[in-house]
Each structure stands twice: as C-alpha cells, then as structure tokens.
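Asker: got a sequence here, can you model it:
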Amino acid sequence: MSLNVFFKLTILLIIAQLQANPALGQKETLSFWEAPDSLHKGRFWLAAGTGVVAYTGTLIALNEVWYKDYPRSGFHTFDDWDEWQQMDKAGHMFTTYFEADWIYQVARWTGMKKKASILTGSIAALGIQTSLEILDGYSSQWGFSWSDMAFNTAGAGLWAGQQAIWDEQRIRMKFSTTYRSYPDEIVTGVPSGETTLMARTDELYGTDFFERLLKDYNAQTIWLSVNVHSFLAPQNKFPKWLNLAVGYGAENMFAGFENTWEADGNTYTTSDDIYPRHRQIVLSPDIDLSRLNIKSKPLKTLVYMLNIFKIPAPALVFNGNGGVEWDWLYF
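Answerer: A predicted model of the protein is given here:
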C-alpha cells in the first residue's frame, strides 16, 4: 500500500467524522484537558497543524543526524534482516507502536469516536514510518527494507489489536538506553593503518546525546511491558501499576552485519574473544505510569507521554553467550 493511500484513508476517516457531526464548530464550555463528545473543529485543526509541524521538524532533524552526510541515489531496496542483530527491527516496531498510541490519544482529544481514532492512529503511524522508509530507499547508504516495513506493521498491529479488543494497552512497548563509554583501544588494519574502537563508535553512533539516543544499538533495550493485573480475575489484589517487562538488546556491535569494516583502504576487525557479538534477553519489573492515580490532568498527560520509557530497576540478564547476570539498576 502506497504512502498516498495511507494518507487518503486517514483523510476519509476525518471527513466521515465531519459529516457525522452536524453541530461541529459550536462553542462549548470545555476544559482543555477534557475530550469532547463530538468532533471539535478548533481542536481538529490545532492537532492537524501541530502534527504537520512536528512531522516536518522530525524530518529535518533526521536529515541532520542521519542522511545529510550520505549521497542520494535512485530508489532501491535493501535486505538488512541480519543487520545489527535485529535491534533496528525492534526499534521500528517500538516507534510505530508509540506513534499510533499518541496519535490515537490526540484523535480522541479532538472528539473522534474510538473506532475512527484507532484507525487514524494505526494508519497515520504506519504512514509516517513508510515515508521514512521511502527516504531510506533514496539513500545510497541504505535502501527500502521490507523487513523494516514488516516490523512497522507489527508495531501498529500490536497497538491497534489491543485497543480494539480490550480498549486498553495491557502489553506496552517501551524503550531504554544507557550512555556507553567505549575504550580507546587500538585496532590494527589490513594491510596497514590503525584506528581506535572509540573513533569507530564515534563515527558509527555519533558523539552528542541525541545521536547516541537514536543510533547506539549497543546501549538500547526494547521492552514488552506486561500489566499483570489486567490479565487476572477482576478483583485480584495485584498492584494495577506494576508490570513485568521482557527486554531485547544486543552488545559489542561495531558494524552492521559483523565486526569488520573498511576505512581508508584498510580492513579493520575486532576480536570476537574480547568483544563477543551477542543478543540478550532481560527480565525486570516496570511501572505502567498510565495506571497511577494522578489527579492533575496536565501532569497525567505528561506522565502518559513519559510512559514510553522503561523505568530503571533491578534486572536478570540472559546473554547470548550462555551467561546470566544480575544488575541492581538496569536501564
């Protein structure tokens, strides 16, 4: 399905809402933080305008961080399934998931009905990610990835399915990252030359906070945070806000497919013994901030937005080398 079709479907949903609300545009005494019973024209245009500005700003920021240093090319596809131990795939799923959730909440704030809001959230989120994938398709460094699109669809589907069936998110996708300091260790090139591991990671992941936040797959963990209370009998005494989270991460990645890279006519490789490239699964408690009893509506909205991040907590880490570790404060 093309990007144009995604946006046309979203527009049709909005038009249907407009036609279904003949009283649209009448003045109402309504708190900013309350959702109206029917579509509110002022809120709709405010949300649409803000969305366009946010989307444009995101594209500009991504171009600065991600695309500007690489030449453009003709549209092409790229099979990157085995790259970065699938950490980028988990990231695609997480991003589409939370975009769908946020867009749904905004749609409900404008007064759209639940079913239309679910469709709007999932279609718009998938459309946004598709547009970014198309940008990849015109970059010489990357390409349009069908596996990325599969995980984008999975993220939107996980969110939309729960919202349609349960009218809530019992399994939330979350994100965490910790700044990594890499050693200034010399890596010898073939046939000659030297670099350092720190120089390599600075090149790969950047040096400032926002670049590292987006790019450093060694530092990231993508979580499925399960609300136990919602799966038990209605009158159970398990805390409503306490979740059990399962995280996926990977470590010691200094190139996409394997720890070998080309630079200045030399080939560099890190030692598998010192830096074994591996995945890891993490178990940790979590808090669903949306289920806390917060009275202030502005604070509740802020906390809801922060709910995409996994809280730091003790964790049991199972790494791909067969090891098990206990971390008193994993983030």
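Asker: quick check: closest non-adjacent residue to A164.
Answerer: Of all residues not flanking A164 in the chain, I118 sits nearest, at 5.8 Å (CB to CB, 6 or more residues apart in numbering). Where C-beta positions appear, they are placed from N, C-alpha and C, glycine not excepted.
Asker: ok, now which ones touch the one you found?
Answerer: Y104, A160, Q163, A164 (CB atoms under 8 Å, 6 or more residues apart in numbering).
Asker: next SSE after the helix or strand containing the last one?
Answerer: Spelled out, it's A164. Element membership of A164 [criterion: DSSP states H and E] is helix 146-166. Sequence-wise, the next helix or strand downstream of helix 146-166 (DSSP H and E) is strand 171-177.
Asker: please enumerate the helices of this protein.
Answerer: Secondary structure of the chain by DSSP state H: the helices cover 3-19, 41-62, 87-109, 114-137, 146-166, 197-205, 209-215, 297-306.
Asker: buried ones in the fourth one?
Answerer: Neighbour counts using 16 or more other CB atoms under 10 Å place 116-130, 132-133, 135-137 of helix 114-137 among the buried residues.
Asker: tell me the angle of it relative to helix 146-166?
Answerer: 170 degrees (axes from the mean of the first three to the mean of the last three CA atoms, to 10 degrees).
Asker: swap in the third one?
Answerer: Here the directions of helix 87-109 and helix 146-166 differ by 40 degrees (the same axes, to 10 degrees).
Asker: same thing with the second one?
Answerer: Using the same axes, to 10 degrees, the interaxial angle of helix 41-62 with respect to helix 146-166 works out to 150 degrees.
Asker: packing partners for helix 41-62?
Answerer: helix 87-109, helix 114-137 (3 or more CB pairs under 8 Å, 6 or more residues apart in numbering; DSSP states H and E).
Asker: and V226, how many neighbours does it have?
Answerer: Using other CB atoms under 10 Å, V226 has 17 other residues around it.
Asker: hmm, back to that, can you redo the helices of the chain as JSON lines with mean pLDDT and distance to E258?
Answerer: Shown next, in JSON lines, are the helices of the chain (pLDDT from 0 to 100; distance: least, CB to CB, whole Å):
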{"stretch": "helix 3-19", "mean pLDDT": "44", "distance to E258": "33"}
{"stretch": "helix 41-62", "mean pLDDT": "87", "distance to E258": "26"}
{"stretch": "helix 87-109", "mean pLDDT": "97", "distance to E258": "15"}
{"stretch": "helix 114-137", "mean pLDDT": "94", "distance to E258": "21"}
{"stretch": "helix 146-166", "mean pLDDT": "98", "distance to E258": "18"}
{"stretch": "helix 197-205", "mean pLDDT": "94", "distance to E258": "14"}
{"stretch": "helix 209-215", "mean pLDDT": "86", "distance to E258": "18"}
{"stretch": "helix 297-306", "mean pLDDT": "94", "distance to E258": "36"}
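Asker: re earlier: in TSV, list the helices and strands packed on helix 41-62 along with distance to A313.
Answerer: Below are the helices and strands packed on helix 41-62 laid out as TSV (distance: least, CB to CB, whole Å):
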stretch	distance to A313
helix 87-109	18
helix 114-137	28
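Asker: tell me which of these lies nearest to F209.
Answerer: Nearest to F209 among the helices and strands packed on helix 41-62 is helix 87-109 (17.2 Å), distances taken as CB to CB.
Asker: quick one on the thing from earlier: which ChimeraX command selects the buried ones in the contacts of I118?
Answerer: A single ChimeraX command selects the buried members of those (16+ other CB under 10 Å):
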select :104,160,163
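Asker: relative to Y304, which of the contacts of I118 is nearest.
Answerer: Of the contacts of I118, the one sitting nearest to Y304 (CB to CB) turns out to be Y104, at 11.5 Å.
Asker: quick one: contacts for the residue nearest to that closest one when sequence neighbours are not counted?
Answerer: Using CB to CB, 6+ apart and skipping the chain neighbours, the partner closest in space to Y104 is G121 (3.3 Å). Neighbouring residues of G121 by CB under 8 Å, 6+ apart: E99, A100, D101, W102, I103, Y104, A107, W159, A160, Q163.
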